[in-house]
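J.: Give the three-dimensional model of this entry:
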Amino acid sequence: MIPLPIHYTEIEDIYTRTLGSGVSTLAVAAAEDGEGVSTLSYALARRAAAMGHKTLLVDFNRRMPSVGQRLGIATCEWSPGNPSAQSKIITLSRTGLSVLPASRGGIENLNARETSTLSACFQQWKEQFDFVIADTSPLTIQNQENYPPENVCAACEGTILVVLTGRTSETRVLEACNKLRSSNVNVLGAVLNDRHAPALADELIRETRRLDGTIPRVMEKLRDIIHNSTFINQSI
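T.: Presented below is the predicted three-dimensional model:
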């Protein structure tokens, strides 16, 4: 998980459309591992905490926990509906953000998987925090270690679906959307992660090479213009 600067325009826009619009419990989900769920969850949580809002970030991904590990917080034992969850919350003095790291071990209480139990847990957290953000496990990768991500999403007021462009297949995205739809999840929108997408300058240069056989000198000059253009090469 690479921290995103909270002053990025994209983070501000997502924050404004979710937490900033009155959503107090938000789930961040994806079809597969590695799509940027933890990175976005952490950025939104830090953005809310920076405004003085009491914010809790909960890692529900027991199979591949990321938030706690990246922040140097060890996994612990807790489950929804159990008073133990409250005592495991850690507040980071540097940011004012509170974190509940992923629980280790199997899920012994099957009731903890139910949407009703998870909803009650979120309601309890809302009594203490202004915002609660859930970092969920992948929607298309089910295993006995995790709480069903679609149930976690259904227990929240809204959900964001993160899609890694160029890597995640359309089939997987549709499967994830169908699970959310079947669970009556309130999907607020999708965030496209362009981490592996080529930069604009690279794409333009690649296109110029199509005409190297016809007008090589013109294309070479055009590539120099693209390379030296501050506008085209600006970081996004």
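J.: confidence score at Ala201?
T.: Note on Ala201: pLDDT of 68.
J.: ok, Ser229 to Asp212 distance?
T.: Ser229 sits 20 Å away from Asp212, going by Cβ to Cβ, to the nearest Å. Every residue, glycine included, has its C-beta placed from N, CA and C.
J.: C-alpha coordinates for stretch 66-86, CSV please?
T.: Output of stretch 66-86 as CSV, limited to C-alpha atoms (Å, rounded to 0.1, in the frame of the first residue of the first chain):
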residue,chain,number,x,y,z
SER,A,66,-2.6,-4.6,4.5
VAL,A,67,-3.6,-1.6,6.6
GLY,A,68,-2.3,-2.8,9.9
GLN,A,69,0.9,-4.3,8.4
ARG,A,70,1.8,-1.1,6.6
LEU,A,71,1.2,1.0,9.7
GLY,A,72,3.2,-1.4,11.9
ILE,A,73,0.0,-2.6,13.8
ALA,A,74,-0.2,-6.3,14.5
THR,A,75,-3.3,-8.3,13.8
CYS,A,76,-5.5,-9.1,16.8
GLU,A,77,-8.5,-11.1,17.9
TRP,A,78,-11.9,-9.5,17.4
SER,A,79,-15.2,-10.2,15.7
PRO,A,80,-18.3,-8.1,14.9
GLY,A,81,-20.9,-8.1,17.7
ASN,A,82,-18.2,-8.9,20.3
PRO,A,83,-17.2,-6.2,22.8
SER,A,84,-13.6,-7.2,22.1
ALA,A,85,-13.6,-5.2,18.9
GLN,A,86,-13.9,-1.9,20.8
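J.: for that stretch, which positions count as buried?
T.: 66-69, 71, 73, 75-76, 78-82, 85 (16 or more other Cβ atoms under 10 Å).
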